[in-house]
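In: Sequence first, predicted model second:
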Amino acid sequence: MACTSTFPLSLLFASIALVAASPYFYESFDDESWEDRWILSEKDDYQGKWKRAISDGHEDYGLLVTEKARKYAIAVDLPELIELKKHDVVLQYDVRLQDGLECGGAYLKFLRPQESGWVPKQFDSESPYSIMFGPDKCGATNKVHFIFNHKHPKSGKYIEHHLRYPPTPINDKNSHVYTAIIYSNNTLKMLVDGEDTKTVDLLSNDFEPAIFPPKTIPDPEDKKPEDWDERAKISDPEAKKPDDWDEDAPMDIEDTEAEKPEGWLDDEAEEIDNPEALKPEDWDEEEDGEWEAPKIPNPKCEEAPGCGKWTRPTRRNPAYKGKWYPPMIDNPNYNGIWKPQQIPNPDYFELEYPNLEPVSVIGIEIWTMQEGILFDNILITEDEKEAEQYRQQTWKVKFEAEKEKQKVEESTEVTKPGLLSGLKGKLFELLRSAADAQLLSSYRPTLIEAIEKGEANPNVTLGILVTVVLFFLTVFYKLLCGGKRPPTPTVPVEIAKKEDISTPDDTITETKEEPVGGTVENTNENENENETSGEIEKEGDESSGTRHRRTRRET
């Protein structure tokens, strides 16, 4: 049969080249025998289905997450224990997020030897591991984890130590390879696609918590002396309240200069019974109590300055001073903030190498909201160059094929006939010409860089176009208008209030007295609309009145 693609052939050559290599462990999922090695967890929480599947656009197999919103767990026993200290160890695998990653993990766990009788089908989130490594994204979390469990040499407890500032994973739909190299000098180097993204010392404070505890701790037996004074300031014992200081003076007093406004209606209530409300026909006074009409605002009060009993307003009391307190002065007996004395930390220790337990099992235990996560080329070796060789001859081949396919798709998209593609090209040409203007010379490098990114990456083209266009408009506006807005015309207070609070009566009165910019016909239409709204409002009042009931009167 004729070979229809050069990709499988390249993989064949890669396999031949790697035959001589001797890693501790390597898994490519290229044949059906993977099911004999990898064991599914039988715990009830892990219902996600794994599948050996071809990578999208390739003929290369990997281990695929097939369902969204599931927990997954699968593990493989290593042929031998792999020590993680006093010699170099390289952990590497590639993963492809074929449907992206919004919330989920794509990391591996390298488990330490388990309790006697443990088997991979018991693998779950509680299975103790030595190292957890790989991408994780959900909400604010978006990082390439590196977590190691360290055995405290005195207490014997295992403590998780998280890398403080981990690198960020690449969240696209291409294959990416993640590498962690633990050197014999305790240096950790993390690579993404073969590029160094983080280098730290395992024994440094780059991990949280740090491996080494503090040398000293506060003495738990130390007690603060009873006469220890922590007050930096105290009340002046010699200060006395002034004779004219009246602590009983109220904050507000009645404004004796205020006068009742002319036209105030003392005998009118602010609310009256709705004269148009009717008692419902089914109202039973024995069952429902005495019926009372609902209240409405008194229309007489709307035209008057106020209704009901008038009382003088209050104003600020100029004699008010409040409670008197003596001023504060420096405390002559101040001893400072007491702290217990420091003593040597009984849990302090020093190590030449971290206590990393050996690895006996590799597990994938994740929860994810996306399917399409494909794991491949899982490798453990002690040779950094060997790991690089695997990257170049396995992952690199796939990655370059994916990038080439992406370029073809993008070029096909660009060459498609359509108004949008043509407009984008012309707009980019126009923006380049505008960036060459003399008045924008200081901004030209930044503008050209943004334009080139927009042309190269269709995912951000629209955002960059909008940003650059807005920048041009802002610059030209400032040049033409001096960066100042035209003054806003001042509206008299009386007119503003009238326009803000309009009523049907206001509209009718204004239209009749002084129609502006309209005709008599328009005036009649306004009056008809106001009459209609008045009828609707009246019906609403009647409806609400008919349902207004008092509680049953007690007998």
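Out: Noted; the coordinates are in hand.

In: Residue 400 should be in a strand, yeah?
Out: No. Counting by DSSP: H, G, I helix; E, B strand; the rest coil, residue 400 is not found in a strand; it is helix.

In: what about it, how many neighbours?
Out: Neighbour count for residue 400, taken as other CB atoms under 10 Å: 14. C-beta coordinates here come from the backbone N, C-alpha and C atoms, glycine included.

In: ditto for residue 249
Out: For residue 249, using other CB under 10 Å, the count is 13.

In: what's the answer for residue 77, then?
Out: By other CB under 10 Å, the residues close to residue 77 number 15.

In: residues contacting it?
Out: Residues in contact with residue 77 (CB atoms under 8 Å, 6 or more residues apart in numbering) are 37, 39, 120, 360-361.

In: Repeat the analysis, applying 7 Å as the threshold.
Out: The contact partners of residue 77, by CB atoms under 7 Å, 6 or more residues apart in numbering, come to 120, 361.

In: now do residue 270
Out: Neighbours of residue 270 in contact, by CB under 7 Å, 6+ apart: 298, 301, 307-308.

In: Neighbour-wise, give me the winner out of those.
Out: Highest neighbour count within the contacts of residue 270: residue 307, with 20 neighbours (other CB under 10 Å).

In: pLDDT score for that residue?
Out: pLDDT for residue 307: 93.

In: now do the one 3 residues further on
Out: Predicted confidence (pLDDT) at residue 310: the value is 92.

In: what number of residues lie near it?
Out: With other CB under 10 Å as criterion, residue 310 counts 15.

In: And residue 471, its phi and psi?
Out: phi -60, psi -50 (degrees, to the nearest 10).

In: Paired strands for the helix or strand hosting residue 72, with orientation please.
Out: Taking DSSP states H and E as the criterion, residue 72 maps to strand 70-82. When pairing is defined by DSSP bridges, strand 70-82 lines up against strand 38-40 (antiparallel), strand 359-368 (antiparallel).

In: Could you dump those into JSON lines with mean pLDDT added?
Out: Below are the strands paired with strand 70-82 laid out as JSON lines (pLDDT from 0 to 100):
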{"stretch": "strand 38-40", "mean pLDDT": "95"}
{"stretch": "strand 359-368", "mean pLDDT": "95"}
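
In: Just say which of these is most tucked in.
Out: strand 359-368 (a mean of 23; mean count of other CB atoms under 10 Å).

In: Could you list every helix and strand that the helix or strand just after it packs against?
Out: Per DSSP H and E, the first helix or strand lying C-terminal to strand 359-368 is strand 373-381. Packed against strand 373-381 by the contact rule (3 or more CB pairs under 7 Å, 6 or more residues apart in numbering; DSSP states H and E) you find strand 25-27, strand 61-65, strand 89-97, helix 384-390.

In: Could you identify which of the ones you listed is most buried?
Out: With neighbours defined as mean count of other CB under 10 Å, the helices and strands packed on strand 373-381 peak in mean count at strand 89-97, which reaches a mean of 26.

In: Just checking, which helix or strand succeeds that strand along the chain?
Out: For strand 89-97, the succeeding helix or strand toward the C-terminus, using DSSP H and E, is strand 103-105.

In: which residues sit against that following strand?
Out: Outside of strand 103-105, the residues within contact range by CB under 7 Å, 6+ apart are 136-138, 366-370.

In: quick one on the thing from earlier: can I get the contacts of residue 270 in TSV including secondary structure?
Out: Compiled in TSV, the contacts of residue 270 are given as follows (three-state DSSP):
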residue	secondary structure
298	coil
301	helix
307	strand
308	coil
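
In: Residue 315 belongs to a strand, doesn't it?
Out: Yes. Remark: residue 315 belongs to a strand, assigned using three-state DSSP.

In: Between the two ends of stretch 433-453, what distance do you get?
Out: 16 Å (CA to CA, to the nearest Å).

In: returning to what we had before: distance to residue 125 added to the contacts of strand 103-105, as a markdown table?
Out: A markdown table is the format used below for those (distance: CB to CB, whole Å):
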| residue | distance to residue 125 |
| --- | --- |
| 136 | 14 |
| 137 | 18 |
| 138 | 15 |
| 366 | 10 |
| 367 | 9 |
| 368 | 14 |
| 369 | 17 |
| 370 | 19 |
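
In: ok, those residues vs residue 385, which is closest?
Out: Set against residue 385, the nearest of these by CB to CB is residue 136 (28.8 Å).

In: Bridged to the closest one, which residues?
Out: Beta-bridge partners for residue 136, by DSSP bridges, are residue 105, residue 143.

In: now residue 160
Out: residue 149.

In: number of nearby residues for it?
Out: 13.

In: Residue 115 too?
Out: 8.

In: Where does it fall, secondary structure wise?
Out: Counting by DSSP H and E, no helix or strand carries residue 115.

In: thinking again about what came up before, would TSV of the contacts of residue 270 with distance to residue 434 be doable?
Out: TSV is the format used below for the contacts of residue 270 (distance: CB to CB, whole Å):
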residue	distance to residue 434
298	67
301	64
307	67
308	69
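
In: which of those lies closest to residue 197?
Out: residue 301 (74.6 Å).

In: Pick out the residue closest to the middle of the protein.
Out: Nearest residue to the geometric centre of the chain (CA atoms, centre = their mean): residue 140, 5.1 Å.

In: ok, now how distant is it from residue 373?
Out: 21 Å (CB to CB, to the nearest Å).

In: cool, and residue 100?
Out: From residue 100 to residue 373 the distance is 10 Å (CB to CB).

In: got it, and residue 174?
Out: 13 Å.

In: Tell me which of those two has more neighbours.
Out: Higher neighbour count among residue 174 and residue 373: residue 373, with 25 against 19, using other CB under 10 Å.

In: follow-up on the earlier one: need the helices and strands packed on strand 373-381 in TSV with mean pLDDT, can you?
Out: Converted to TSV, these look like this (pLDDT from 0 to 100):
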stretch	mean pLDDT
strand 25-27	96
strand 61-65	95
strand 89-97	96
helix 384-390	96
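
In: Among those, which comes closest to residue 211?
Out: strand 89-97 (17.8 Å).

In: what helix or strand does residue 434 sit in?
Out: Secondary structure (DSSP H and E) places residue 434 in helix 419-435.

In: Residue 166 - nearest residue in space that isn't next to it in sequence?
Out: Using CB to CB, 6 or more residues apart in numbering and skipping the chain neighbours, the partner closest in space to residue 166 is residue 143 (4.1 Å).

In: For the one you found, give me its contacts.
Out: 136, 166, 168.

In: which residues does the second one contact?
Out: Spelled out, it's residue 166. If you count contacts by CB under 7 Å, 6+ apart, residue 166 has them with 143-146, 198.

In: and these, which two are the farthest apart?
Out: Pairwise distances across these peak at 11.5 Å for 145 and 198 (criterion: CB to CB).

In: Neighbour count for the two, which is higher?
Out: residue 145 (22 against 17).

In: Please look at that one and residue 107 and confirm they touch.
Out: Yes. Between residue 145 and residue 107 there is a contact at 5.5 Å, judged by CB atoms under 7 Å.

In: between those two, what contacts are shared?
Out: Shared contacts of residue 145 and residue 107 (CB under 7 Å, 6+ apart): 132-134, 136.

In: low-scoring stretches of the protein, by residue?
Out: Applying pLDDT under 70 to the chain flags the ranges 1-21, 116, 413-425, 435-442, 455-462, 465, 476, 478-555.

In: all helices in it, in order from the N-terminus.
Out: Assigned by DSSP state H, the chain shows helices spanning 6-18, 34-37, 285-288, 299-303, 384-390, 396-415, 419-435, 444-456, 461-481, 493-500, 504-513, 520-546.
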